[in-house]
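Participant: heads up, no residue letters with this:
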RNA sequence: GGGUAGGUGGCGGAGUAGCUAACGCACCAGACUGUAAAUCUGGCGGCCACUGGCCUUCGGGGGUGCAAGUCCCUCCCUACCCA
């Protein structure tokens, strides 16, 4: 630790992609510079089978700490995940079985292993929070709850909004932050990492740890992938990019991000240093690089981490091929059709490019359907089935006759 | 336990008896483009060889009416107020 390079690395870990540090940056910096090894974690509720790019940002931050030699814990929230966090009463919360949780968790570890090192001299540890939360009694819960006031919890934006809209707030939702807070106590950590949206929950953990163990836990929040107006990418279903999305799909979805979030994207989702990132944006300002190309670089970096370099380059080339040169992709799903002659609508449904005949008809009328490179306008047309015939819907959906 | 207000498409949210369930978000297609961004245009339950027709759908079930998301009965669910 006498290495002179250690300081820039510490600076980097506390700045790149970082939103806030509680209680403040200086204290944490001093602790890291002192050479003390700290124990830190980030929690992941296994509610879905896959991690997405939002999680990826936290994993990259964890890996920075791992490289600095700190003790990193990846916490699987199998308990908190089972209580669920029903942000909307209409979303019936998924009751996950132990089996599903384990299967999701297994996948989480696999995805995280692209970024974190689970073997070697300083391996990342994986914990499950059911290990301690299962054992808590009602008495324990009451005691824990007595450290918080209703006002503290009800002041949260989401609750205020629901009160305003007269939407239900369930009691267990109030308790959710406590369950998460107890993780910090059970693992006795020095630092927790999470997205800015998790600030409240993480600070609850900080309070609880101080009360119960008289220990100061740091909280480091990461900026969210948003444009300057605060529009979150990945908030809605369609925008979420799973870490195991196919390289081409991942690349394309990143290319569709608004330009305004490219900068934060580099900070959160790549291994480039702040210096390199600043350099890229200087080049853009001087018009030496097109912003479009910077975005492609970003997409490549991300795909390279989630898959590998070779696939990243291929995905980039593929993207150019289809969208710049407007040619056919190299791989097209092939579908077998038994008939020799078929109505165009039926064909579109059969090759799964339309969900119904009505849908197919709409697509044809909107000039969204190409067969063998020709735009189709007559939805009554009969199509003669030939092998290798390519059917295209919109700009990016293809099928080939096997 | 008593009262009040509600339950509408993937989501938010109008509509309180009559032709087409408004509008917004999300989504899909087209135009434009460095881009699958932004913007603009159109679409956005299903079926029918169809440029019109048929069917389905407003928490569940039943009823009244020529006609029901809308009225009545009943059941289920939720919020708020009172106890």
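Facilitator: Received it, and whenever you're ready, just let me know what you need. Owing to the predicted nature of the structure, the values given are computational and were not obtained by experimental measurement.

Participant: so where is the stretch 151-300 of chain A shaky, pLDDT-wise?
Facilitator: A:164-166, A:226-240 (pLDDT under 70).

Participant: All the strands of it, residue numbers only.
Facilitator: For the stretch 151-300 of chain A, applying DSSP state E, counting those that start in this stretch gives strands covering A:191-195, A:218-222.

Participant: I'd like the distance from the residue nearest to residue A:281 when sequence neighbours are not counted to residue A:17, if you could.
Facilitator: Distances taken as C-beta to C-beta, 6 or more residues apart in numbering put residue A:263 closest to residue A:281, at 6.4 Å, once the chain neighbours are dropped. The C-beta positions use only the backbone N, C-alpha and C, and glycine is treated the same way. For residue A:263, the distance to residue A:17 equals 11 Å [C-beta to C-beta, to the nearest Å].

Participant: Do a quick rundown of the helices in the stretch 251-400 of chain A.
Facilitator: Taking DSSP state H, counting those that start in this stretch as the test, the helices found in the stretch 251-400 of chain A are A:262-269, A:274-285, A:291-306, A:309-319, A:344-350, A:357-365.

Participant: Residue A:145 is nearest to which of those helices?
Facilitator: Residue A:145 sits nearest to helix A:262-269 of all the helices of the stretch 251-400 of chain A, at 34.6 Å, using C-beta to C-beta.

Participant: Not counting that closest one itself, show me its contacts.
Facilitator: Residues outside helix A:262-269 that contact it (C-beta atoms under 8 Å, 6 or more residues apart in numbering) are A:16-17, A:53, A:56-57, A:60, A:222-223, A:225-226, A:254, A:257, A:272, A:274, A:277, A:280-281, A:291, A:294-295, A:298, A:301-302, A:305.

Participant: Check whether that helix comes into contact with RNA strand B.
Facilitator: No: taking C-beta under 7 Å from any atom of the strand as the criterion, helix A:262-269 and RNA strand B are apart, separated by no less than 8.1 Å.

Participant: would you list every one of the helices in the stretch 1-150 of chain A?
Facilitator: A:6-15, A:25-33, A:53-67, A:78-83, A:98-112, A:130-133, A:138-145, A:150-154.

Participant: any idea of the mean pLDDT for the shortest one?
Facilitator: Read it as helix A:130-133. The predicted model assigns helix A:130-133 a mean pLDDT of 92.

Participant: before we move on, what about stretch A:347-357?
Facilitator: 90.

Participant: ends of it, how far apart?
Facilitator: Using C-alpha to C-alpha, to the nearest Å, one end of stretch A:347-357 lies 9 Å from the other.

Participant: near RNA strand B at all, it?
Facilitator: Yes: using C-beta under 7 Å from any atom of the strand, stretch A:347-357 reaches RNA strand B at A:349, A:355-357.

Participant: Tell me, how many residues neighbour residue A:375?
Facilitator: 11 (other C-beta atoms under 10 Å).

Participant: Just to check, it is in contact with residue A:367?
Facilitator: Yes: counting by C-beta atoms under 8 Å, residue A:367 is a contact partner of residue A:375 at 5.5 Å.

Participant: which one of the strands of the stretch 151-300 of chain A lies closest to RNA strand B?
Facilitator: Of all the strands of the stretch 151-300 of chain A, it is strand A:191-195 that lies closest to RNA strand B, at 20.3 Å by C-beta to the nearest atom of the strand.

Participant: got the angle for the closest one vs strand A:218-222?
Facilitator: 20 degrees (axes from the mean of the first three to the mean of the last three C-alpha atoms, to 10 degrees).

Participant: Compute the inter-axis angle for strand A:191-195 and helix A:25-33.
Facilitator: Going by the same axes, to 10 degrees, strand A:191-195 is angled at 120 degrees with respect to helix A:25-33.

Participant: Mind listing what's buried along stretch A:244-263?
Facilitator: A:244-245, A:247-248, A:250-254, A:257, A:261-263 (16 or more other C-beta atoms under 10 Å).

Participant: repeat for stretch A:197-209
Facilitator: Applying 16+ other C-beta under 10 Å to stretch A:197-209 flags A:198, A:201-209 as buried.
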